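> Everything below, folded, please.
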Amino acid sequence: MPTQFGLRKVHKDGKGRCVFGRRGRQLLPGQIIWLGMLALCGQVLAGQEPSTPASEVVVPRASVPLLIRIQLPGEQEVYKAGDIVELTEKADASAGSSGTTELPPPIKGWVLPGAGPAGQPECSRFELLAVIPPSKPTGETSIDQGLPEKTGEKPSIPVRRFAVGTPAQVQRMLTHPSEVAQGPEVDRGGFSFTLDQWRLILWENNRAVLVYNHSPVTAGWVPENDSRRTRACYIHPVFGLDGEVLTDDFPKDHYHHHGIFWTWPHIQIEGVEYDLWADRGIRQRFRQWLGLWAGPLGARFSVENGWYVGDRLVVIERIWVTVWPTLEKGRFVDFELFFQPQGQPVTLWGAPGKSYGGMTMRFRVRPDRPVKITVPDGLTSEDLLETRLRWADLTSQFGEGTEESGATLFVRPDHPNFPPTWLTRHYGPLCVGWPGVEPRTLPAGETVRLPYRVWIHRGWPPVGGIEELAFALYLEAQAQVATSR
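The predicted model follows:
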């Protein structure tokens, strides 16, 4: 079926709904999407209107990069999806005691539509995305000061201040009259998508990053009478930094495990219990794309799915995935999951005694290779059940050689009931268990938001290094925009 996307102005259609693109452009399955031509070579910036209400971005000092996402003030006419802004650090934020410290070069930020409270794009809601490099050691906030949930106190955070430049649109610049967009196989730089009737593939600099399977996938090795043979609405494969496949799909030990997914084993609706974890009586189905954005500074896609009992829609889920440019430390992927019961309350809970149910990442581990699961208390030799964690990491040898790689799954500090309980298994899955083993009822029409981050890395990272990245999630939430009005 045709899909709708956009990268430019957000506007309302004839029914009063927010859509992207000037005319709600339609793309047929199998076409390659080059959104706004941001992934092409020869990019230039074209100045837009000189006035903007955002004048300053205030960011905590940190010893690691901060991946900030800040909601921008102002009306939709001020910002357009795909705008590039320059963030120039102010002298009083970076100068040392002598006031002579050289300022770093400007940082480019990207303006994208953001998710509203129910996970829907809103016409006037835009986010500024930017990677803030580490600050110099003097005056930076240290994890030794402690997170608020550990100390009970909010640490005093020194800040850096950045002036916000005038929004500019990235244009496509041709270098020859016959030049056309050939597709991801031609190295254009930046991010791009390939979309067909089954899946969405995300590329960075001509290398696959991950695949979102929006249509049903059937595993031929699963028995035909097994309800777990076909599924949709999940991410697989997820690739490591060197092209190795980190995730598994329909593994023979657990056919219902599938890459990065979000399902529950116990769902009760009007007194009847269903199992989305193993696809018993309830299914996830794709409904529509909410937006696809790709460019030199990152990529984001959002999608609306439904939970169906037969043909009856019982829950709408909206998923937002933001992929940041690969940094020296690795690749970061942010997830926001929104769930909204339709017409009646829905009660969720995890597996008794184990707690799985919710955000899950299944790794493709090899039985003949060592598997290391690390949590804030250190390396674990045993599987964990119903254990409260801020994060968990799985590292192993996924490629053909002996090099180790892996990924850390972080729970963001604004997650409900932070930190939630987990299940970890050395045969492959890391499972965030929310709401855990105690049932939680979601009222009809209300929305719950579950935010996470995945860090893809080389080697086996030390606990202290992962804790620094966990602390960065707290610091990123403190970033804010000051306005001139």
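> Near E224, how many residues? Count them for me, please.
E224 is flanked by 8 other residues according to other C-beta atoms under 10 Å. C-beta here means a position set from N, CA and C on the backbone, and glycine is covered the same way.
> What of the one 3 residues further on?
With neighbours defined by other C-beta under 10 Å, the count for S227 comes to 15.
> measure it to Y255 for me?
Taking C-beta to C-beta, to the nearest Å as the criterion, S227 is separated from Y255 by 9 Å.
> got it, and P439?
For P439, the distance to Y255 equals 26 Å [C-beta to C-beta].
> swap in A168?
A168 sits 50 Å away from Y255, going by C-beta to C-beta.
> now swap in P370 and tell me
Counting by C-beta to C-beta, the gap from P370 to Y255 is 25 Å.
> When those two are compared, which one has more neighbours?
It is Y255, of P370 and Y255, that has more neighbours when counted by other C-beta under 10 Å, with 20 against 12.
> Surely the more buried one touches V222?
Yes. In this structure Y255 lies within contact range of V222 using C-beta atoms under 8 Å: 5.1 Å.
> Need the overlap of contacts for these two.
Shared contacts of Y255 and V222, defined by C-beta atoms under 8 Å, 6 or more residues apart in numbering, comprise 228-229.
> what's the nearest residue to the most centrally placed residue in the chain if we skip its chain neighbours?
Taking C-alpha atoms, centre = their mean, the centroid of the chain lies closest to D334, which sits 2.2 Å from it. Excluding the flanking residues, the one nearest D334 by C-beta to C-beta, 6 or more residues apart in numbering is T322, at 4.3 Å.
> For the one you found, which residues count as its bridge partners?
R300, D334 (DSSP bridges).
> Local confidence estimate at W221?
W221 is assigned 76 on the pLDDT scale.
> ok, it - contacts?
250, 252.
> ok, 6 Å please
Counting by C-beta atoms under 6 Å, 6 or more residues apart in numbering, W221 touches no other residue.
> distance of it from R425?
From W221 to R425 the distance is 21 Å (C-beta to C-beta).
> For L469, grab phi and psi.
Here is the backbone geometry of L469 (degrees, to the nearest 10): phi -70, psi -30.
> again with L473
Backbone geometry at L473, expressed as degrees, to the nearest 10, gives phi -60, psi -40.
> wait, doesn't it sit right on V411?
No. The pair L473 and V411 fails to qualify as a contact (C-beta atoms under 6 Å) at a distance of 8.7 Å.
> neighbour-wise, which of these two wins?
Legend: neighbour count by other C-beta under 10 Å for L473 and V411, higher for V411 (27 against 23).
> Tell me what the more buried one is bridged to.
Counting by DSSP bridges, V411 forms beta bridges with Y452.
> Run a quick check on A479 versus R69, I expect a contact.
No. The criterion here is C-beta under 6 Å, and A479 misses it with R69 at 8.3 Å.
> tell me, what's touching these two both at once?
Both A479 and R69 lack any common contact, where contact means C-beta under 6 Å, 6+ apart.
> what bits of the protein have low per-residue confidence?
For the chain, the stretches flagged by pLDDT under 70 are 1-54, 74-77, 92-101, 136-155, 169-189, 483-485.
> Which stretches in it count as helices?
Here the chain has its helices, by DSSP state H, at 91-94, 148-151, 463-476.
> which non-adjacent residue is nearest S405?
Excluding its sequence neighbours, the residue lying closest to S405 (C-beta to C-beta, 6+ apart) is G240, at 4.6 Å.
> Could you report the separation of the one you found from T441?
In this view, G240 and T441 are 39 Å apart by C-beta to C-beta.
> What count of nearby residues applies to K108?
Here the number of neighbours of K108 (other C-beta under 10 Å) works out to 18.
> Please apply the same query to the one 4 residues further on.
Neighbourhood size, L112 [other C-beta under 10 Å]: 25.
> Isn't it up against L292?
No. Counting by C-beta under 6 Å, L112 does not reach L292; the two are 10.8 Å apart.
> Apart from its neighbours in sequence, what residue is nearest F250?
In space, and not counting its chain neighbours, F250 is closest to A219: 3.9 Å by C-beta to C-beta, 6+ apart.
> try P216
A232 (4.5 Å).
> Count residues in the vicinity of that neighbour, would you?
For A232, the neighbour count with other C-beta under 10 Å is 18.
> With the one 4 residues further on instead?
Residue neighbour count, defined by other C-beta under 10 Å, stands at 23 for H236.
> What of R458?
R458: 16 surrounding residues under other C-beta under 10 Å.
> Against T230, how distant is it?
Taken as C-beta to C-beta, the span from R458 to T230 is 35 Å.
> Okay, and the beta partners of M361?
I260, L430.
> pretty sure it contacts G406?
No. Counting by C-beta under 6 Å, M361 stays clear of G406, with 10.3 Å between them.
> Might one say that K90 is in contact with R161?
Yes. Contact criterion C-beta under 6 Å: K90 and R161 qualify, at 4.5 Å.
> Among those two, which residue is more densely surrounded?
R161 (17 against 14).
> Tell me the bridge partners for that one.
Counting by DSSP bridges, the residues bridging with R161 are V58.
> so it makes contact with T88?
No. In this structure R161 lies outside contact range of T88 using C-beta under 6 Å: 9.8 Å.
> Now stretch 296-312 - C-alpha only, PDB.
Presented in PDB, the C-alpha positions along stretch 296-312 are these (Å, rounded to 0.1, in the frame of the first residue of the first chain):
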ATOM      1  CA  PRO A 296      23.700  13.900   7.400                       C
ATOM      2  CA  LEU A 297      23.000  14.400  11.200                       C
ATOM      3  CA  GLY A 298      21.000  11.300  11.900                       C
ATOM      4  CA  ALA A 299      17.700   9.500  11.100                       C
ATOM      5  CA  ARG A 300      14.300   9.100  12.700                       C
ATOM      6  CA  PHE A 301      11.200   7.000  11.800                       C
ATOM      7  CA  SER A 302       7.900   6.800  13.600                       C
ATOM      8  CA  VAL A 303       5.200   4.200  13.000                       C
ATOM      9  CA  GLU A 304       1.700   3.500  14.300                       C
ATOM     10  CA  ASN A 305       0.700  -0.100  14.900                       C
ATOM     11  CA  GLY A 306      -2.300  -1.800  16.500                       C
ATOM     12  CA  TRP A 307      -2.900  -4.700  18.800                       C
ATOM     13  CA  TYR A 308      -5.800  -6.700  17.300                       C
ATOM     14  CA  VAL A 309      -8.000  -9.400  18.800                       C
ATOM     15  CA  GLY A 310      -9.300 -10.800  15.500                       C
ATOM     16  CA  ASP A 311     -10.300  -7.700  13.600                       C
ATOM     17  CA  ARG A 312     -10.900  -5.600  16.700                       C
END
